[in-house]
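>>> Predicted model, plus sequence, below.
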Amino acid sequence: MRIVLLGAPGSGKGTQAKLLVEKYKLPQISTGDMLRDAVAEGSPLGRQAKIAMDAGQLVSDEIVLGIIQERVTRPDARKGFILDGFPRNLQQAEALDQLLTSLGRPLNLSLLVAVDVDALIQRLVGRRTCLSCGQMYNIYYAPPHIEGRCDECGGRLRHRGDDNEETIGNRLRVFETHTLPVAEYYKEKGELRTVQGVGEITDIFKAVTKVVEDVKANIKNETRTDAIRAAFAKHRASKAEKAAAAKKDAAKKKLAAKKTVKKKVVKKKAVKKKAAGKKQTVKKVAAKKATAKKAVKKQAVKKKVVKVVKKAVKKKAASKVVAKKKPVKKVAAKKAPAKKVAKKKVVKKKVAAKKKPVAKKKKATRKKR
Ligand code: AMP
């Protein structure tokens, strides 16, 4: 499980974190503790952090995020962790989300330990911590049996340097200004749970444990739901894949059918074209033949006409000849009476001549001239 414990300085979130570590065997990651270690070591990072810590201000995000990144990627944090004192502002909260998302291990719970300001001041001012085992005491309501000595290990108790009134005031203001918005951030995401951090530590822990168990059950359900969802998604994906394949297949078949139809149409068209061509050719040939026949017929008719005409001409000619001949006879026949008349005239003339010889002689003379 991955838990973030939120709470004002002195809310007891550190104590609850230690109890959770014991119960769930998860590592506690406290930025405050790590920074204090760095300060104690006198490392450059510690020296830098000390100034802000002594003033009750937040250490720079750059330093804290560096520490956190290194810590949550350690092997012992694989099964989960309890973040104590981090994130302390919105930027840290967002950076943590990004980091955990990139690791594929998102947060499971953000738990706010709520305590009012008066109680906080009393706790912070009276707080004492064992330097050896980290056991915590409060000189007002949970004092050690021997002053300054740890009941558990006999170690020396320490009053934190930043637990003085001025620094406490600053730390509380920083909490209200920067850290409470982080609680809001998780609330909006639906990841925030709150327990009242007042009363016996064990009672508070009971409430904390209840929340943790709740979330754990949810995670189980979610895991189951996720598994079901994943199975459904897998099923849907395979169904979709099958549908897509079927669609592809159908499209392929359709295309093939279209191609076949097209081919058939083209073939049919070609056949039709060919047939039409043939028909045209036949028609053309027939037309040619008809034309030729017509020409032959025309020629024949012409010939016949010529023949007829010739014949007619001949006949006409013949009939002319006949006609010529016939009128001769006729004329002759007709002329016969004329001849006769002429003869008669001649006879008459002769008779007349006999009667008038002088006149006849005169006429003859005129003829000779
Ligand atoms: P804590 O023990 O958690 O109260 O932290 C003690 C001091 O360490 C704080 O007052 C800050 O100066 C510093 N500190 C701890 N955690 C953070 C953090 N997440 N961001 C900035 N400063 C921090």
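Noted; the coordinates are in hand.

>>> Now Arg128. Its backbone dihedrals?
Main-chain torsions, Arg128, degrees, to the nearest 10: phi -130, psi 140.

>>> give me the beta-bridge partners of it?
Here Arg128 sits in beta bridges with Tyr137, as judged by DSSP bridges.

>>> For the ligand, see how far away it is.
Distance from Arg128 to the ligand, counting by CB to the nearest ligand atom, to the nearest Å: 14 Å. Heads up, the C-betas are built off the backbone N, CA and C, glycines and all.

>>> Ok, Gln98 next?
According to CB to the nearest ligand atom, Gln98 stands 16 Å off from the ligand.

>>> Count the neighbours of that residue for me.
10 (other CB atoms under 10 Å).

>>> who's in contact with it?
With contact set as CB atoms under 8 Å, 6 or more residues apart in numbering, Gln98 has no partners.

>>> helix/strand/coil for it?
helix (DSSP: H, G, I helix; E, B strand; the rest coil).

>>> what about the helices in the stretch 151-300 of the chain?
165-174, 180-188, 201-355 (DSSP state H, counting those that start in this stretch).

>>> need those helices in JSON lines with mean neighbour count, can you?
Shown next, in JSON lines, are those (neighbours: other CB atoms under 10 Å):
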{"stretch": "helix 165-174", "mean neighbour count": "16"}
{"stretch": "helix 180-188", "mean neighbour count": "16"}
{"stretch": "helix 201-355", "mean neighbour count": "12"}
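
>>> which residues touch the residue of the chain found nearest the ligand?
Proximity to the ligand, evaluated over the chain using CB to the nearest ligand atom, is greatest for Gly32 at 2.3 Å. Contacts of Gly32 were listed using CB under 8 Å, 6+ apart, and they are Gly14, Asp84, Gly85.

>>> now Lys13
So Lys13 contacts Leu5, Leu6, Gly7, Asp84, Gly85, Val113, Gly197 (CB under 8 Å, 6+ apart).

>>> One more pass at 6 Å, please.
Leu5, Gly7, Asp84, Val113 (CB atoms under 6 Å, 6 or more residues apart in numbering).

>>> Among these, list the two that are farthest apart in space.
The largest separation in the contacts of Lys13, counting by CB to CB, is between Asp84 and Val113 at 10.2 Å.

>>> Okay, Asn218 and Arg224: tell me how far apart.
Per CB to CB, to the nearest Å, Asn218 is found 10 Å from Arg224.

>>> distance of the closest residue to Lys79 other than its chain neighbours from Ile82?
Spatially, and ignoring its direct neighbours in sequence, Lys79 is nearest to Leu26 (6.9 Å; CB to CB, 6 or more residues apart in numbering). Counting by CB to CB, the separation of Leu26 from Ile82 is 5 Å.

>>> Which one's more surrounded, those two?
Neighbours were counted for Leu26 and for Ile82 using other CB under 10 Å; Ile82 has more, 26 against 19.

>>> pLDDT below threshold where in the stretch 1-150 of the chain?
Applying pLDDT under 70 to the stretch 1-150 of the chain flags no residue at all.

>>> Please convert the contacts of Gly32 to JSON lines, extending it with neighbour count, secondary structure and distance to the ligand.
JSON lines is the format used below for the contacts of Gly32 (neighbours: other CB atoms under 10 Å; DSSP: H, G, I helix; E, B strand; the rest coil; distance: CB to the nearest ligand atom, whole Å):
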{"residue": "Gly14", "neighbour count": "22", "secondary structure": "helix", "distance to the ligand": "7"}
{"residue": "Asp84", "neighbour count": "24", "secondary structure": "strand", "distance to the ligand": "7"}
{"residue": "Gly85", "neighbour count": "23", "secondary structure": "coil", "distance to the ligand": "3"}
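
>>> any chance of those in CSV, plus distance to Pro144?
What follows is those, written out as CSV (distance: CB to CB, whole Å):
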residue, distance to Pro144
Gly14, 17
Asp84, 23
Gly85, 24
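
>>> so after the helix or strand hosting Ala17, what's the next helix or strand?
In the assignment (DSSP states H and E), Ala17 maps to helix 13-24. Where DSSP H and E defines the elements, the next helix or strand beyond helix 13-24 is strand 28-30.

>>> Just give me how far that next one sits from the chain centre.
47 Å (CA atoms, centre = their mean, to the nearest Å).

>>> which parts of the following helix or strand past it are buried?
Next helix or strand after strand 28-30 toward the C-terminus (DSSP H and E): helix 31-41. Neighbour-count burial for helix 31-41 flags Thr31, Gly32, Met34, Leu35, Arg36, Ala38, Val39 (criterion: 16 or more other CB atoms under 10 Å).

>>> Spatially central residue (nearest the centroid) of this structure, please.
Ala244 (14.5 Å; CA atoms, centre = their mean).

>>> Let me know the pLDDT of it.
pLDDT recorded at Ala244 is 90.

>>> ok, now which ones touch it?
Ala244 neighbours (CB under 6 Å, 6+ apart): none.

>>> what's the spacing between it and Ala251?
Taking CB to CB, one finds Ala244 at 10 Å from Ala251.

>>> before we move on, what about Leu180?
In terms of CB to CB, Leu180 sits 59 Å off from Ala251.

>>> Over to Ala230?
On the measure of CB to CB, Ala230 and Ala251 end up 30 Å apart.
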